[in-house]
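Asker: Here is my input, please return the structure:
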Amino acid sequence: MSSLGVGVSPGNVPVYHGTSLKVIDRRVRLVELVLRFVICGLGVLAAVLVGTDTQVREIFTIEKKAKFTDMKALVFLVIANGMAASYSMIQALRCVVSMVRGSVLFSKPLAWAIFSGDQVMAYVTLAAVAAAAQSAVIAKLGQPELQWMKICGMYEKFCNQVGEGIVSALLVSISMVALSVISAFSLFRLYNGRNRG
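Answerer: Residues are numbered from 1 along each chain as shown. A predicted model of the protein is given here:
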């Protein structure tokens, strides 16, 4: 028994050897690659659904056209999802190159850059979804205290398509949060007890 009160392992404690870590590393990289492609596809889908959405209504012989640029929260949503899709495509290409080479990714500066980029994109996409969802609730339910009327009663097709875009954007943000966890795992495993000084 050691001075810290910790004895020798009785032999029934699982120990990870090099091959098990390689299998885990391969699986983590595969999950990361799949998530990056999912983000890319859903980010483009959300941006296209919201960005191309318009509806024209005639109100007392005056034509009114609803478009995503009328609500700044929707503009932010389109930009954020476009950025997330682009960023994820670049990172997916990096993942593919890393997998083809068969090398474990990285240096600490590159791991920090990926971790930071994933964190920023997760926060930006979450903020965009929150802002768009709040605007959508006001458009759907109105705000009687401020005499804001329910817009979705007049522009039902527009609101439905925006809702589909917000759901896609929500899936993008959830995926970005999952990627942030993976990049944190990849970064902080580079720091082990031997590197402390």
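Asker: buried sites along the lowest-mean-pLDDT helix or strand in the chain?
Answerer: Each helix and strand of the chain was given a mean pLDDT (mean pLDDT, DSSP states H and E); the minimum falls on strand 54-59 at a mean of 76. By 16 or more other C-beta atoms under 10 Å, the buried positions in strand 54-59 come out as Q55. Where you see a C-beta, it was placed from the backbone N, CA and C, and this is true even at glycine.
Asker: Alpha carbons of that strand, as PDB, please.
Answerer: Below are the C-alpha coordinates for strand 54-59, written out as PDB (Å, rounded to 0.1, in the frame of the first residue of the first chain):
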ATOM      1  CA  THR A  54     -41.500  35.200 -49.400                       C
ATOM      2  CA  GLN A  55     -45.200  35.600 -49.600                       C
ATOM      3  CA  VAL A  56     -47.300  38.400 -51.100                       C
ATOM      4  CA  ARG A  57     -50.700  39.400 -49.700                       C
ATOM      5  CA  GLU A  58     -53.100  41.900 -50.900                       C
ATOM      6  CA  ILE A  59     -54.500  44.100 -48.200                       C
END
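Asker: Give the rounded mean pLDDT of whichever helix or strand comes after it.
Answerer: Scanning forward in sequence from strand 54-59 by DSSP states H and E, the next helix or strand is strand 62-67. Here strand 62-67 scores 80 as its mean pLDDT.
Asker: any idea which element the residue nearest the centre of the chain lies in?
Answerer: In the chain, the C-alpha nearest the mean C-alpha coordinate belongs to M176, at 2.5 Å (C-alpha atoms, centre = their mean). Taking DSSP H and E as the criterion, M176 maps to helix 156-188.
Asker: helices or strands up against that helix?
Answerer: helix 18-51, strand 54-59, helix 72-101, helix 108-141 (3 or more C-beta pairs under 8 Å, 6 or more residues apart in numbering; DSSP states H and E).
Asker: Please point out which parts of it sit buried.
Answerer: With burial defined by 16+ other C-beta under 10 Å, the residues of helix 156-188 counted as buried are 158-159, 161-163, 165-180, 182-183, 186-187.
Asker: and if you look at stretch 39-49?
Answerer: Buried residues in stretch 39-49, counting neighbours by 16+ other C-beta under 10 Å, are found at 39-47, 49.
Asker: and which of the residues you listed is nearest G82?
Answerer: Closest approach to G82 among those (C-beta to C-beta): A47, at 4.8 Å.
Asker: out of everything not next to it in sequence, what's closest to G43?
Answerer: Residue nearest to G43 in three dimensions, not counting chain neighbours: A85, with 3.2 Å by C-beta to C-beta, 6 or more residues apart in numbering.
Asker: ugh, wrong one, I meant E58
Answerer: Closest to E58 by C-beta to C-beta, 6+ apart is K64, at 7.6 Å.
Asker: Tell me the bridge partners for that neighbour.
Answerer: K64 has these beta-bridge partners by DSSP bridges: R57.
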